[in-house]
Structure formats: C-alpha cells, structure tokens
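Undergrad: Next input, structure requested:
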Amino acid sequence: MAPDTVSLRYFLVLAQELNFTRAAARIGIAQPALSARMRRLEAELGTPLLVRNTRTVVLTTAGAALAESVPPALAALDRAWDTARSAAAGELGTLRIGYSLSTGAETTPALVDRLIRGNSGLEVGAVPMATPEISPAVADGRIDAGITRGEQPGRGVRRFLLRRARVGVQLAQHHPLAEHAEIEIADAAAYPLRLPDRAANPVIHDQLSALFRDTRPHSRFHTPAVSFDMSQRDLRDGATLAPAGEAAATVQPAGLTWRPLRGAPSLTIHMVLPREQSPLHRRIRAVAKTLAHELHWLPD
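TA: Next up is the predicted model:
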C-alpha cells in the first residue's frame, strides 16, 4: 500500500528541519505523534529513512532520495485534485452552445466572452441554429445549451429567462417616424411591416404580428425574399418598417435607426438546458444569471 500523502508531507518538513521538535512545532502536532508517523512510514516503505540520535536527525540514502522525489509527485497529485474539483464545479470541459441568429448581436457574444474569460479550462463553441431546432438539440445532447429568442416549446429541457428586451421598429433615418423618441403602434401600422418567415421562429413571429392585430386599417405584412439581408435594402427606401428587439439598435447599418414602440410588451431571450443537468450546465446557468444581473437584462 502506498504511503498516505499526510505522512509524506510531514516527512518533507522533517527532512528540511532535521529536528523532530522543530518539525512538530512547524506542523502543529505533538512530537511523539510525528515520531509515530515516521516509524509507520518507514514500515510501509520497508526501509529506514532517518538515522536518529538524541540531538540530530540524518537522512539515509533512501530518505534523501524520497525527499528529492516526493515534492514533484505531491505537486502532480495536487494538480490532479484541482482538476477534479474544477470538473466537479463545471469549470472544465467543452461547452457547445446553439443560438438564435437574432441573439448573436449582443446577448450570445456577451455570455460566451464571460464564460471564456472566467473559466480558463472551459472550451466554448457557439454556432447559430434555426430557432425551432435548438430545444430538440439540447434535449438529445447534440449541444449542451441553447439561447433562443422567445420561450420555445420542447420536451426534455428546462428554460430560464435570460433577458427582456423592448420592442421597436427599424426604419430609415430619413423616415418621418424617426423624428419621434417613441412610436405609437398605430402609427407604425400605417406602413408596410417586414416580418421574418414564420418557420424561422413561430413564437416571435406571432408575438410581433399580434402587436398590430387590432389596428385599423389592418397592417400589411410581408416576408423578405432574402431571409438575412445585411444591406437592409427594403428599409432604406423609407417605405417599410421592421419590428425588432432593442438589440437591433446596437448593430444598425448605415442609414438606419431603431425606435421603441410605445406600450409594446417586451420580447424575451431564454437559456435552454437539459432537464438533467451536469456541473457544466449548472456553471453556465450561474454565469448567465450573474451576467444578466450585472448588465440589467432583467429589470424589475
């Protein structure tokens, strides 16, 4: 049986002090207890480690060899313990995140950056996914966590509210409504409104279209032919508005702006995790909760 690490650590102190009284005082135990530990260590190894007399302690050849080889061995063991503790705390491993494209402007990058900076042993990868596919991918283990716009349905997962965002519209800077700090829903409804394809995110599509359900005359909705047009050509002409969350204000192409809709309910962004959670899942949830608090993503 290999010696216990406590006895080896005590032996190293004695090898440095070469005096039982001083070594025992430094360790914080009684001198007879230290002597008993060393005799047991020698018995376990089957060889003398120390030559004792009334005044001095001298290392034997085996004792000197042990004193030289034990420190790196204990350091390696300490690293192994630290690695195990880090893994148990969710600070080690590979974290795969799938996110709704619309959360890639601000929310997902902020969370990924915090995870990487705060956990050096964590390898994080985040890829955009079709929103309806995120919850099933978390449930079957293809990804470890998801970030979705809207509370998406799905079995085998748990959803946590990560952020609330105001609803507004993107529009051309020269549009007449851009002169207002806030836009009335009825005023926005007087113009053609661009909504993403419902298949891309039914929850958000229905929530945005419902804002204009009771306006008169009825709103005119259309879906762009190009689902992700970075140039936003249909908005630049000044005729069309695009309902969007406030994150759109942080990544405005030249010539466009964003204004909130007065009285509109907020959009939500959720974190999706498996129902059965590992330390890694608990870690990302804790980091996300702290980040949401610091950045005021969930105002009272």
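
Undergrad: can you map out the strands along this structure?
TA: For the chain, the strands defined by DSSP state E occupy 50-52, 57-59, 93-100, 122-129, 145-149, 157-165, 167-172, 193-194, 221-222, 242-245, 256-260, 267-274.

Undergrad: Going by neighbour count, list what's buried in the second one.
TA: Same thing as strand 57-59. Buried residues in strand 57-59, counted by 16 or more other CB atoms under 10 Å: 57, 59. (Each C-beta comes from the backbone N, C-alpha and C, glycine too.)

Undergrad: Let me see the mean pLDDT of it.
TA: The pLDDT scores in strand 57-59 average 92.

Undergrad: Could you save the strands of the chain as TSV and add columns showing distance to residue 72?
TA: Formatted as TSV, those follow (distance: least, CB to CB, whole Å):
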stretch	distance to residue 72
strand 50-52	21
strand 57-59	18
strand 93-100	27
strand 122-129	27
strand 145-149	38
strand 157-165	44
strand 167-172	60
strand 193-194	65
strand 221-222	69
strand 242-245	55
strand 256-260	59
strand 267-274	40
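
Undergrad: Lowest mean pLDDT across those, which one is that?
TA: Among these, strand 221-222 carries the lowest mean pLDDT, a mean of 80.

Undergrad: Next up, the contacts around the nearest residue to residue 41 once chain neighbours are set aside.
TA: Distances taken as CB to CB, 6 or more residues apart in numbering put residue 7 closest to residue 41, at 4.6 Å, once the chain neighbours are dropped. By CB atoms under 8 Å, 6 or more residues apart in numbering, the contact list for residue 7 reads 37, 38, 40, 41.

Undergrad: try it again with 7 Å
TA: Contacts for residue 7 (CB atoms under 7 Å, 6 or more residues apart in numbering) come out as 37, 40, 41.

Undergrad: Over to residue 236?
TA: By CB under 7 Å, 6+ apart, residue 236 lies in contact with 172, 255.

Undergrad: now residue 192
TA: Counting by CB under 7 Å, 6+ apart, residue 192 has contacts 220, 222, 239, 240.

Undergrad: and what of residue 203?
TA: Contact analysis of residue 203 by CB under 7 Å, 6+ apart lists 150, 151, 152.
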